[in-house]
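> Provided below for reference: sequence and predicted model.
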Amino acid sequence: MSEPEEERFADLVRRQAPPARDPMFRIQVLERRENEQFRSRSYLYLAGAGAVLVLAAVAIFLRPDSLGDIGVLIAVAIAVAGCLFYGPALSRRLGDLRRQYLKI
Amino acid sequence: MDEDDAALLAAVCEGSDRAFNTLIDRHQQAVRTFLRGVAAGPEDAEDFAQETFLAMWKHARSYKGGGSVRSWLFSIAWRKAMDSRRRWFRSQRRDTAYHEMAPADLDRGTAPEDFLALRQALGALSLEQKAAVMLCLGCGLSHSEAADALGTPLGTVKSHVLRGRERLREAFGEDA
């Protein structure tokens, strides 16, 4: 059996509680999520652009004259792009596997 | 029929917006109520509540399924509140928290004195005690659920609630 002060406290907390249905709150959360996703996408594209610039500078510096050198540069470009776009998903999957097998 | 919270969270892991929205609608009231009790002011509470659901979206995979999803959300909310602990101890903000409350936060049928008494009763408690009291007496969680959410031993939660009860008795006792 709860004490009267507990009931009064619970009553006051209930009266202060936000509404059970509050679409505005959900919209605010979704807006913040969109902003964060936009920011992280922007960083990703920025990093991609930086990588392309670095590769271009390296290509200019090395002056690849053989098909092999050009192939190496293209392979590096593909590897960088792969890391940028699939890296997060890959690390999530590895985390899942780690949790699953190590039972963390 | 309502979908299970854990199933919804699994759907969130797969990127389901519908599941995310459902979980927000289902738990926003409890999480915000808890945070209103432990945060320095209503603005902080709203901010932490939004961050809690963002963290749910980002870290849904870290839910291990040991306790309820609601307890897990409370534990995230609690960590958010703890992170701002320094701000909580800015006594000026704490003392004026009542005055900062928007009129919409006050129920029309309740005397402002009651809210002040509630604030004073909570204000006399440490942050950990306040969280335990809010979860157990305000949000209706069991002691063990509160212990899970706060990441503290069951005995500690029980003693926090006991101490909270004493404070509430002191705050409400005279005029009850």
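Nice, thanks for sending it over.
> switch to C-alpha atoms for all contacts and neighbour counts from now on
Will do.
> The spatially most central residue of chain B: what's it in contact with?
Nearest to the mean C-alpha position of chain B, counting by CA atoms, centre = their mean, stands B:F34 at 2.0 Å. Residues in contact with B:F34 (CA atoms under 8 Å, 6 or more residues apart in numbering or on different chains) are B:74, B:131, B:134-135, B:138-139.
> from those residues, which are also near chain A?
Among those, the residues that sit close to chain A (CA under 8 Å from any CA of the partner chain) are B:138-139.
> Distance from the longest helix seen in chain B to the middle of the chain?
Counting residues, the longest helix found in chain B (DSSP state H) is helix B:17-38. Chain-centre distance of helix B:17-38: 10 Å, with CA atoms, centre = their mean, to the nearest Å.
> List the buried residues for that helix?
Across helix B:17-38, burial judged by 16 or more other CA atoms under 10 Å in any protein chain shown covers B:19-25, B:27-38.
> How about stretch B:124-135?
B:125, B:127-135.
> Tell me where the model's unsure across chain B.
Scanning chain B for pLDDT under 70 picks out B:1-2, B:85-114, B:117, B:173-176.
> Contacts only, for the residue lying closest to B:A77 once chain neighbours are set aside.
Among residues not flanking B:A77 along the chain, B:T52 sits closest, at 5.4 Å (CA to CA, 6 or more residues apart in numbering or on different chains). The neighbours of B:T52, taking CA under 8 Å, 6+ apart as the test, are B:73, B:76-77, B:80.
> so which two of these are the farthest from each other?
Greatest spatial distance among those (CA to CA): B:L73 and B:K80, at 10.6 Å.
> can you pull the contacts of B:H27?
Here B:H27 is in contact with B:R70 (criterion: CA under 8 Å, 6+ apart).
> Quick check: the farthest pair among the contacts of B:F34?
Greatest spatial distance among the contacts of B:F34 (CA to CA): B:F74 and B:G138, at 12.9 Å.
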